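[1] okay, structure incoming, though there's no sequence with it:
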């Protein structure tokens, strides 16, 4: 862990649904447990479709219903320096994990993992992309990310 705390990056494809929601969920968990000074969190996308845009309005609304504010977040694309800057880079699904492995040097692959790997006995390895679905998809993303964030924090605090 670096002297400023652990740095975690959450990654999905466009950085407007899943990864900003993961960032918001984990940030809220840190605040609730008064641990925000021990971690730096951010989110990014593997593709530049939405750079500079806020999260999807449906993500914002679903998160707001659970007391999470995503309105200040803006989409950005994963950069090569992220492999050095972040201690842990968590992909929302296998497709984005493969893309991260392709972009980053093999010596950085130890920093990469799937977000759902922090849910014991998870029924899925992926946080599904809700973009083309209905409102229920955004709620499902939040359900999964709340479980994963809790498991992630337990894992990090046990190290």
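    That came through, no problem. A quick note: this is a predicted structure, and the numbers were derived from the prediction, not measured.
[2] mind listing the strands for this structure?
    6-12, 39-45, 88-91, 112-114 (DSSP state E).
[3] with mean neighbour count as added columns, please give the ones you listed in TSV.
    No exception for glycine: its C-beta is placed from N, CA and C like everyone else's. Below are the strands of the chain laid out as TSV (neighbours: other C-beta atoms under 10 Å):
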stretch	mean neighbour count
strand 6-12	24
strand 39-45	22
strand 88-91	25
strand 112-114	19
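[4] low-scoring stretches of this structure, by residue?
    Applying pLDDT under 70 to the chain flags residues 1-4.
[5] do that again at 90, thanks
    1-5, 133-135, 159 (pLDDT under 90).
[6] export the strands of the chain to a markdown table and tack on distance to residue 51?
    Below are these laid out as a markdown table (distance: least, C-beta to C-beta, whole Å):
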| stretch | distance to residue 51 |
| --- | --- |
| strand 6-12 | 14 |
| strand 39-45 | 8 |
| strand 88-91 | 18 |
| strand 112-114 | 22 |
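[7] out of the ones you listed, which comes closest to residue 20?
    Set against residue 20 and scored by C-beta to C-beta, those come closest in strand 39-45, at 4.9 Å.
[8] how much space is there between residue 73 and residue 106?
    30 Å (C-beta to C-beta, to the nearest Å).
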